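J.: using only what follows, build the 3D model:
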Amino acid sequence: MRFLAIAALCVAVAACATQKSRTSVQQPAPNVALPAAPPVGEPADLAGLKSDQLIVALGPPAFVRKDGAVETWRYDAPACRVFFFLYPFGTALLVRHVETLPRGREMAADPKCLDSLRPRANTAVS
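T.: Residues are numbered from 1 along each chain as shown. Okay, the predicted model is just below:
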């Protein structure tokens, strides 16, 4: 008798769960196309630089964002922006990725944009 009561209770619970799942079926999310990934490749003269070497090469960044141990440095050129992604390596931060806005055609960093930053680093700061 006890077994039949437990079995009936299990059947009732299963029926309720099945009924609830039928009424709460959600429509699938519409497919949204993701933007294309940036082209691969890093500027050979900048990838792997330590943070202090980057400051010597380009001056101090206009903006720094810290996400845990990772830092994003932004440099502003007259016609574009450059983002350096620095990751910890031992006790230093190294440039592991570079992107520009607008983006380059052959890689994520437009060489013309990067070149436009270089004269700024030669300007004397007082």
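J.: and V82, that's in a strand?
T.: Yes. Counting by DSSP: H, G, I helix; E, B strand; the rest coil, V82 is found in a strand.
J.: who touches the residue lying closest to it once chain neighbours are set aside in this structure?
T.: Take V82 and drop its neighbours on the chain: the residue closest to it by CB to CB, 6 or more residues apart in numbering is Y75, 4.5 Å away. (C-beta placed from N, C-alpha, C; glycine too.) Neighbouring residues of Y75 by CB atoms under 8 Å, 6 or more residues apart in numbering: 58-59, 61-62, 81-82, 84, 117.
J.: quickly find the element holding Y75.
T.: Per DSSP states H and E: Y75 is located in strand 70-76.
J.: buried stuff in that strand?
T.: Buried residues in strand 70-76, counting neighbours by 16 or more other CB atoms under 10 Å, are found at 71-73, 75.
J.: got JSON lines for these, with distance to S51 and pLDDT too?
T.: Converted to JSON lines, the buried residues of strand 70-76 look like this (distance: CB to CB, whole Å; pLDDT from 0 to 100):
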{"residue": "E71", "distance to S51": "8", "pLDDT": "97"}
{"residue": "T72", "distance to S51": "12", "pLDDT": "98"}
{"residue": "W73", "distance to S51": "8", "pLDDT": "98"}
{"residue": "Y75", "distance to S51": "13", "pLDDT": "97"}
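J.: ok, of those, which one's closest to V95?
T.: Taking CB to CB as the measure, V95 sits nearest to W73 out of these, at 8.6 Å.
J.: re earlier: direction included, what does the strand holding Y75 pair against?
T.: If you go by DSSP bridges, strand 70-76 pairs up with strand 63-67 (antiparallel), strand 81-89 (antiparallel).
J.: thinking again about what came up before, show me which pair in the contacts of Y75 is furthest apart.
T.: With CB to CB as the measure, no two of the contacts of Y75 lie farther apart than G59 and R81, at 14.6 Å.
J.: where does this protein dip in pLDDT?
T.: Filtered on pLDDT under 70, the chain yields the residue ranges 1-25, 29, 34-40, 119-126.
J.: try 50
T.: 21, 121, 124-126 (pLDDT under 50).
J.: show me where it has its helices.
T.: 2-23, 51-58, 111-122 (DSSP state H).
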